[in-house]
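Colleague: Build me a structure from this.
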Amino acid sequence: MTVITSFTAKRREKQWKWERTILKEITLNHIHESVMNHFGSVKVMGGKPLQESVVEGCYDVAIEAYLLGAQFSHLLHKGERQDAIEKKSISTRKHITDTLYNFWLYWAKIGDHGGMDESIYFVCEPFVDHWYKEGVDKGTRRLKLRLR
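Modeller: Got it, this is the predicted structure:
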């Protein structure tokens, strides 16, 4: 008796396996340092330091941007130009940046401070770009070493 599996289930399983392998390249301490470097100076709700729940939300976004960069690294390895890859990924990176920004507005209640809204967006954007580029670098390195 044979087991019938669908193509989408196999694809999803392969994607999960690949994500687990690529995530072994980064550590939680590295992500935490990055969050503190980018958002450590931001004071929320009347000058309080960052709360752990806000930091953990940034972890999720960093991982998402990292995986996105690693996915697009295969295009770079296949010979596409860097600027073409940047154009393909810009809408997804903007969506991730907007997600992080809205997360900050909701949980940190920065929206009550008026001018602080724009400045936090200019902190979210480099954070997402940093993790995207980190993913591209690690993904490219794995492809060059034929570890994929």
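
Colleague: Would you check how far apart the most centrally placed residue in the chain and K10 are?
Modeller: A centroid search over the chain (C-alpha atoms, centre = their mean) returns A65, at 1.9 Å, as the residue closest to the centre. For A65, the distance to K10 equals 26 Å [C-beta to C-beta, to the nearest Å]. In short, each C-beta sits where N, CA and C put it, glycine included.

Colleague: ok, back up a step: give the next helix or strand downstream of the helix or strand containing the residue nearest to the centre of the chain.
Modeller: Using DSSP states H and E, A65 sits in helix 52-77. Later in the chain than helix 52-77, the nearest helix or strand by DSSP H and E is helix 82-107.

Colleague: list the helices and strands that next one packs on?
Modeller: Packing partners of helix 82-107 (3 or more C-beta pairs under 8 Å, 6 or more residues apart in numbering; DSSP states H and E): helix 52-77, helix 116-144.

Colleague: Compute the inter-axis angle for that helix and helix 116-144.
Modeller: Angle, helix 82-107 to helix 116-144, by axes from the mean of the first three to the mean of the last three C-alpha atoms, to 10 degrees: 140 degrees.
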